[in-house]
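Student: here you go, sequence then predicted model.
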Amino acid sequence: QVQLVESGGGLAQAGGSLRLSCAASGRSMSSRAMAWFRQAPGKEREFVAGIITYADITRYADSVKGRFTISRDNGKTTAYLQMNSLEPEDTAVYYCATSRYTSSTPPIVADSYTHWGQGTQVTVSI
């Protein structure tokens, strides 16, 4: 079993930055991909960014490309999401997820991920 704990959320002004962390424990070495999703009130959960843990292949949603960067530590147990040039539209609960399935690129469908964190709130004010 894999446990995921997110941290780093909070309040930021538009144009500012936040860095989210996702610490994995348990059978975390079985994770093949780690990703961040987000869900705003009244909206579907959407893919934000993902990384293949054993190859450092990344993938981003068009809405965050060039502003957000996903990375992981060398132990492959912690993933980060550096969020720059934040916009009010980035306001959402951000979730970390891992997948044990092998893939050439990070999946963008939530059902491809097997373990999820509890989420961390990110609020961007004008």
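Tutor: Nice, thanks for sending it over. Note that the structure is predicted; figures quoted are calculated from it, not measured. Numbers count the residues shown, from 1 in each chain.
Student: where are the low-confidence patches of this protein?
Tutor: The model of the chain has pLDDT under 70 over residues 27-30.
Student: residue closest to the middle of it?
Tutor: residue 36 (1.9 Å; CA atoms, centre = their mean).
Student: helix, strand, or coil at it?
Tutor: Counting by DSSP: H, G, I helix; E, B strand; the rest coil, the backbone at residue 36 sits in strand.
Student: so it touches residue 48, yeah?
Tutor: Yes. The pair residue 36 / residue 48 is scored as a contact, 4.4 Å apart, by CB atoms under 8 Å. (Glycine included, C-beta is placed from N, CA and C.)
Student: list residues touching both of these two?
Tutor: Both residue 36 and residue 48 are contacted by 81, 94, under the criterion CB atoms under 8 Å, 6 or more residues apart in numbering.
Student: what segments of this structure are strands?
Tutor: Along the chain, counting by DSSP state E, strands occupy 2-7, 10-13, 18-26, 33-39, 46-52, 57-60, 68-72, 78-83, 92-99, 115-116, 120-125.
Student: can I get those in JSON lines with distance to residue 107?
Tutor: As requested, these are exported to JSON lines (distance: least, CB to CB, whole Å):
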{"stretch": "strand 2-7", "distance to residue 107": "16"}
{"stretch": "strand 10-13", "distance to residue 107": "28"}
{"stretch": "strand 18-26", "distance to residue 107": "16"}
{"stretch": "strand 33-39", "distance to residue 107": "7"}
{"stretch": "strand 46-52", "distance to residue 107": "7"}
{"stretch": "strand 57-60", "distance to residue 107": "9"}
{"stretch": "strand 68-72", "distance to residue 107": "14"}
{"stretch": "strand 78-83", "distance to residue 107": "15"}
{"stretch": "strand 92-99", "distance to residue 107": "6"}
{"stretch": "strand 115-116", "distance to residue 107": "13"}
{"stretch": "strand 120-125", "distance to residue 107": "21"}
